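Engineer: Mind folding the following:
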Amino acid sequence: MRTIPRPTALAAGLALLLALFAGLRLGRIVAATRWAMDADEAVHAVEALRLYEHLEAGHLLAFARDSYFPAPWHPPVDPHLRWYPPVHAWCVAPVFALLGPSDFATRLPSVLLLLGTCAVSFALARRLARPRAPDGGAASGLLAVVLLLSAPNLLTFSAQSLADGAAVFFCFLAVLAYLRSLERGHPRGRALLAGLALGAAVLTKYDHGGWLALCLGVAELLRVRFSLRALFRSGAGAMLLLAGGIVVLWFAHPAKLAALGDSLRHPFLGTPRTILLDFLLTWIVEYAPGLAVGLLAFAAAIAFARRRGDPAVRAVWLWAVASAVFYAVRGRYHFRYNLVEAPIFLLFLAVALPEWVRSASGRLAAPRAGAPAARGLLLWFGGALGAAAGLVASLAPARALDLVRGPLAWLHGLRADHWGMRLAPGAYVDDFAARYSDFVSYLGGSLAAAAIGVFLLGAAMLLWRHLPAERRHARTMTWAALGVAAVPGIALLHLRLPGMVEWELEGHPELADVHQFVVDHVTPGDVVLLGGGWDQLTNNGLSWYRATRAPGGRIPLAAAAVTGDMIGSVVFPPEPRIAHWAVRLATAPAAELPRFLVLAEPGPAFLYRTFRGPEVAIYGEIVHRRGSYHEVSRAHFPLVDVTIRILRRDGDPPPLAGYEDLLAAAGIDPAAPAASRAREEVGAGGWTMRDEALRHFAARLR
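Structural biologist: Numbers count the residues shown, from 1 in each chain. This next block holds a predicted model:
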């Protein structure tokens with residue numbers, strides 16, 4: 001029987017306790033929140049519910065069919081298949097079976113996958129550290145879990161029903177399976193398992209899994225010096241062929257290729273300045289609890305480049321760096337789209353830190369005359385100066401901002417009226433200092449913590465020139481300095497975590513009342529046309545709540561059909577849908593029209609700053625002229641400042657003539673609707689957050 005070394009067992013036990021504590025806390029936050037699902041969450045929840053209903057009914061063939069063919073976007077206007085692969089939905093369906101479909105049940109798998117990622121990260125860090133670690137990599141494994149649970153964006157996105165958490169887990173699992181196969185020269189069994197894991201990563205999220213597969217393929221070619229014969233002799237060829245075969249089968253249908261083409265049309269490119277700024281902010285602010293951790297993670301990645309002669313290190317390093325460059329060039333949505341790759345830099349740090357501490361403690365324990373004294377004095381003085389500056393910036397951010405107003409004005413020019421905006425109740429704060437005070441306070445506190453750690457190291461070097469220390473004392477002091485630099489940021493992160501999670505959940509709690517109002521006033525089985533929705537009120541979300549919160553209990557998804565406004569407008573403009581439904585409402589036989597029409601009309605203090613099309617005015621005027629619908633209920637929701645009108649189809653009036661003037665007045669041409677841009681901005685004083693903004697540093701609740 002194989003025995004686990006004591007250091008590894010202790011480290012694994014402590015890592016498990018930390019992961020369980022973080023998971024339970026995050027799960028409690030998810031269970032307690034009333035924040036509704038936005039478009040991104042709802043589309044994944046609906047897809048998982050669709051598959052779960054097949055399993056619940058025992059329809060395995062339907063489950064397989066709908067796993068392969070996701071629901072279309074906006075039939076019949078945009079009948080393209082959605083581009084979402086099925087692995088995340090497969091992870092959610094078993095939780096539905098245990099708990100029943102609910103907001104909590106669809107978000108819980110992301111929390112569970114975070115725990116799984118912690119376990120995989122522990123094993124990955126040990127494998128990468130083991131050749132150089134006397135403790136078998138136990139310290140690196142524990143540090144990998146600590147750093148993973150200290151990454152702000154990873155925690156907040158692990159509280160949402162998104163495919164990103166699953167992508168982190170399956171990509172890390174694929175890397176671990178690859179390293180296990182590599183260490184034995186890719187025997188057939190391990191290579192095939194690695195290929196399956198790699199295929200699962202691709203079918204979780206294309207870009208993350210695809211980049212991983214590409215990078216591992218390049219790493220293998222480098223390992224065998226581009227000899228295909230050697231590649232297939234080792235079994236790595238079987239791994240790559242299996243993963244590639246899974247991908248080929250997935251895209252074998254022409255509709256799947258069209259869906260892939262739709263996803264590639266996202267407008268993601270940015271300017272050089274935003275690319276640089278977003279890239280740096282992402283790693284230092286969004287995936288690290290402080291400056292020290294972010295900067296050391298960069299240093300660890302650079303240090304790992306020296307170990308690229310090791311095939312295992314080279315493969316992981318190549319994936320991390322190539323992916324980082326890829327997402328930097330894309331220029332947008334760094335906070336989310338590098339959710340998989342940024343933690344690899346933290347993994348590098350977890351592997352490098354114990355080795356750095358051993359090296360530093362040796363120098364501390366045996367100082368020599370001359371240079372060490374000067375180095376200790378420099379660290380002592382620089383640490384004290386940095387701590388003082390950081391405390392001033394943290395406690396008096398307005399004073400600190402006065403000193404750096406010029407550079408910040410340049411940065412603010414990147415997005416003249418959006419970048420880094422701090423939002424106050426109902427209106428933007430126009431004062432320059434107020435836009436940046438929270439961020440500068442955070443940076444000041446982070447700098448002070450790191451500087452105090454440097455000060456302690458400098459003081460130890462000066463002290464031990466006269467009182468020589470044992471090596472273990474020096475190692476303790478080095479770890480203490482690192483703890484002082486990192487622990488305050490970790491503690492602050494977890495204190496702020498409930499607010500940060502709800503900051504990312506954009507569906508204001510009152511939207512739960514909006515959805516429930518609609519659910520209570522439409523009948524199951526009837527189709528609803530939604531007009532005037534926005535990212536937090538979509539037909540996906542309304543369909544989800546109709547199915548899961550019906551007054552008499554859960555109803556089938558098919559009986560909760562909602563069409564109209566929907567996620568996907570980044571690729572598919574709304575004008576074709578507006579024109580399509582306007583024509584149908586005016587000319588189609590009444591029996592073919594949706595039973596209910598739900599119109600959302602924002603008020604002057606609308607909570608969300610966004611652009612909306614003219615469908616509410618167009619639909620409302622058409623059904624009024626035709627007399628095909630009458631209003632059955634209306635309610636105003638003051639916090640969101642939106643009025644919801646519910647109209648029910650009534651009677652069988654003849655088709656309407658002369659409705660074209662409504663479309664023309666709105667600038668919509670049914671013959672070429674995609675060229676029209678009749679949208680207007682609403683909610684001028686409401687919430688908005690550009691992708692390059694300082695996330696979690698904008699107070700936006702009112």
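Engineer: contacts and neighbour counts: CA atoms only from here.
Structural biologist: OK.
Engineer: what's the helix or strand for Ile644?
Structural biologist: Element membership of Ile644 [criterion: DSSP states H and E] is strand 642-649.
Engineer: Over to Val598?
Structural biologist: Assessed by DSSP H and E, Val598 sits inside strand 596-602.
Engineer: Look up how far Trp83 lies from Ala258.
Structural biologist: From Ala258 across to Trp83, the span is 9 Å (Cα to Cα, to the nearest Å).
Engineer: With only the CA atoms kept, save the strand holding Ile644 in CSV.
Structural biologist: Below are the C-alpha coordinates for strand 642-649, written out as CSV (Å, rounded to 0.1, in the frame of the first residue of the first chain):
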residue,chain,number,x,y,z
VAL,A,642,-39.4,50.4,-15.0
THR,A,643,-43.1,49.9,-15.8
ILE,A,644,-44.2,46.5,-16.9
ARG,A,645,-47.4,46.2,-19.0
ILE,A,646,-48.9,42.8,-19.7
LEU,A,647,-51.2,42.6,-22.7
ARG,A,648,-53.3,39.5,-23.6
ARG,A,649,-54.4,38.6,-27.1
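Engineer: partner strands of that strand, parallel or antiparallel?
Structural biologist: strand 596-602 (antiparallel), strand 629-637 (antiparallel) (DSSP bridges).
Engineer: Tell me how many other residues crowd Gly189.
Structural biologist: By the criterion of other Cα atoms under 10 Å, Gly189 has 13 neighbours.
Engineer: picking that back up, for Ala258 and Trp83, work out which one has more neighbours and name it.
Structural biologist: Using other Cα under 10 Å, the more surrounded residue of Ala258 and Trp83 is Trp83, with 23 against 16.
Engineer: For the nearest residue to that one once chain neighbours are set aside, pull up the helix or strand it's in.
Structural biologist: Excluding the flanking residues, the one nearest Trp83 by Cα to Cα, 6 or more residues apart in numbering is Ala259, at 5.0 Å. For Ala259, the element it lies in under DSSP H and E is helix 254-264.
Engineer: Could you list every helix and strand that that helix packs against?
Structural biologist: Here helix 254-264 touches strand 78-81, going by 3 or more Cα pairs under 8 Å, 6 or more residues apart in numbering; DSSP states H and E.
Engineer: Quick check: His630 vs Phe637, distance?
Structural biologist: Relative to Phe637, and taking Cα to Cα, His630 is found at 21 Å.
Engineer: hang on, the earlier thing: distance to Ile302, mean pLDDT and mean neighbour count for the strands paired with strand 642-649 - can I get that in CSV?
Structural biologist: CSV is the format used below for these (distance: least, Cα to Cα, whole Å; pLDDT from 0 to 100; neighbours: other Cα atoms under 10 Å):
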stretch, distance to Ile302, mean pLDDT, mean neighbour count
strand 596-602, 51, 96, 22
strand 629-637, 53, 96, 16
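Engineer: nearest to Ala139, of those?
Structural biologist: Closest approach to Ala139 among those (Cα to Cα): strand 629-637, 52.9 Å.
Engineer: which parts of the strand holding Ile644 are buried?
Structural biologist: 642-649 (16 or more other Cα atoms under 10 Å).
Engineer: and the two most separated of these?
Structural biologist: Pairwise distances across the buried residues of strand 642-649 peak at 22.6 Å for Val642 and Arg649 (criterion: Cα to Cα).
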